[in-house]
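>>> Predicted structure and sequence below. I'll ask about it afterward.
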Amino acid sequence: MRLKTKVSFDPQAELGAIADFARRWRSLFRPAEVAYTPAHFTAELEKLERAQRLRLYLVTRPEAPVALAILDGLGQDQAIELLSLAPLDGEDEVRPWLSSPSRRREMMAQAPAEPSGRGVFPFLVGEPEGVALIDLEPEGLVLAMARWGHLNVLDPEPLLAQRMALLGMRIQSLGKPDQ
């Protein structure tokens, strides 16, 4: 991970906090050694309310996160704008504090045993503390990047170079004649 500018926070430590949060969040839906209650996550939201500064991390594979963007310098007003991009209703929403344990298990009955890690997962991280998974659909992610993309401190060049190299290897393997 390469940053465009020097920052006053530790992105690796915050990615570790995101991984820990994802593990705890998963315990709401899957058997785990320690199961966390919805009240635990409500307390995390309360910590975010007291945060002096917020960062939006867009990551893949939340339990071993790879940052795609780190939008640094959001305030509480921007957090409210960000939350306005979340879907307001629907059956696919994950609202663990509104669901019973049996309902959460029912939601996950059709899901694969292990998450695919596919997709982009937005996490709001507070300074000095607090983490939350934000429910944003692809449209909301695009709008968030359009609105606050200038706050991205992560240099995208290494990620793009890696993807281009993988694409090149894939094209090369497809272009080889059958032997």
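Right, received. Where do you want to start? Residues are numbered from 1 along each chain as shown.
>>> how about residue 136, secondary structure?
coil (DSSP: H, G, I helix; E, B strand; the rest coil).
>>> Tell me where the longest helix sits in the protein.
Ranked by number of residues, the top helix in the chain under DSSP state H is helix 157-175.
>>> what's the distance between that helix and the middle of its chain?
25 Å (CA atoms, centre = their mean, to the nearest Å).
>>> Stretch 170-179 too?
In terms of CA atoms, centre = their mean, the centre of stretch 170-179 is set 35 Å apart from its chain centre.
>>> for this structure, what spans make up the strands?
Residue ranges of the strands in the chain, as given by DSSP state E, are 53-60, 66-74, 121-127, 131-133.
>>> Dump the ones you listed to JSON lines, plus mean pLDDT and mean neighbour count.
In short, each C-beta sits where N, CA and C put it, glycine included. As requested, the strands of the chain are exported to JSON lines (pLDDT from 0 to 100; neighbours: other CB atoms under 10 Å):
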{"stretch": "strand 53-60", "mean pLDDT": "96", "mean neighbour count": "20"}
{"stretch": "strand 66-74", "mean pLDDT": "95", "mean neighbour count": "20"}
{"stretch": "strand 121-127", "mean pLDDT": "95", "mean neighbour count": "22"}
{"stretch": "strand 131-133", "mean pLDDT": "93", "mean neighbour count": "20"}
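>>> would you turn those into TSV with distance to residue 87?
Shown next, in TSV, are the strands of the chain (distance: least, CB to CB, whole Å):
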stretch	distance to residue 87
strand 53-60	17
strand 66-74	20
strand 121-127	13
strand 131-133	14
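>>> quick one: buried residues of stretch 20-31?
For stretch 20-31, a neighbour-count test (16 or more other CB atoms under 10 Å) marks 21-22, 24-26, 28-29 as buried.
>>> Those in helices, which ones?
Per DSSP H, the buried residues of stretch 20-31 map to helices at 21-22, 24-26.
>>> Right, I'll call it a day here.
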